[in-house]
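**Student:** task: produce atomic coordinates for the following.
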Amino acid sequence: MGKHRIYTTSFASVYPLYVAKAEKKGRSKAEVDQIISWLTGYGQKELQVQLERKTDFETFFANAPEINPSRALIKGVVCGVRVEEIEEPTMREIRYLDKLIDELARGKKMDQILRRK
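**Tutor:** The predicted structure is shown next:
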């Protein structure tokens, strides 16, 4: 079986959907960017470069400056699948991001989303 289609999908094509989902629930683009930075280590300028290059998801996560070790604390269901049970590393990273954006849209506080005590 070949790679899942999301791996070759441009991160830039999905990013506006993350922002729209957050903004529709009264959250901000800055909060979306903060979540992405926490998860991947991309700063604002680096994130912008990835968006401009239309980097695919697989490359986006493979080249992430500093994947946050606390991401293992992310638990729950996204698209009917428990994120902590996903074995394929890239798909798990993508679903971690999906889960964090879902939590943002549901109104969770940033400290909870970013797994701070």
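**Student:** and the nearest residue to residue 81 once chain neighbours are set aside, how close does it get to residue 18?
**Tutor:** Nearest non-adjacent residue to residue 81, counting by Cβ to Cβ, 6 or more residues apart in numbering: residue 95, 7.0 Å away. C-betas here are computed from N, CA, C, even on glycine. Plainly put, residue 95 is 13 Å away from residue 18 if you go by Cβ to Cβ, to the nearest Å.
**Student:** ramachandran angles for the residue nearest in space to the middle of the chain?
**Tutor:** Residue closest to the mean C-alpha point of the chain, counted by Cα atoms, centre = their mean, is residue 97 at 2.4 Å. When read as degrees, to the nearest 10, the backbone of residue 97 gives phi -60, psi -40.
**Student:** just give the closest residue to it, not the sequence neighbours.
**Tutor:** residue 39 is the one closest to residue 97 (Cβ to Cβ, 6+ apart), at 5.9 Å.
**Student:** wait, isn't the one you found in contact with residue 98?
**Tutor:** No: contact criterion Cβ atoms under 8 Å: residue 39 and residue 98 do not qualify, at 10.8 Å.
**Student:** quick one, which of these two is more surrounded?
**Tutor:** Taking neighbours as other Cβ atoms under 10 Å, residue 39 and residue 98 compare with residue 39 leading, 21 against 18.
**Student:** quick check: which element contains the closest residue to residue 114 other than its chain neighbours?
**Tutor:** Counting by Cβ to Cβ, 6+ apart, residue 114 lies nearest to residue 38, which is 5.0 Å off, once chain neighbours are set aside. Per DSSP states H and E: residue 38 is located in helix 29-40.
**Student:** tell me the helix or strand right after that helix.
**Tutor:** Going down the chain from helix 29-40, the next helix or strand is helix 44-53, by DSSP H and E.
**Student:** tell me the angle that next one makes with helix 29-40.
**Tutor:** 90 degrees (axes from the mean of the first three to the mean of the last three Cα atoms, to 10 degrees).
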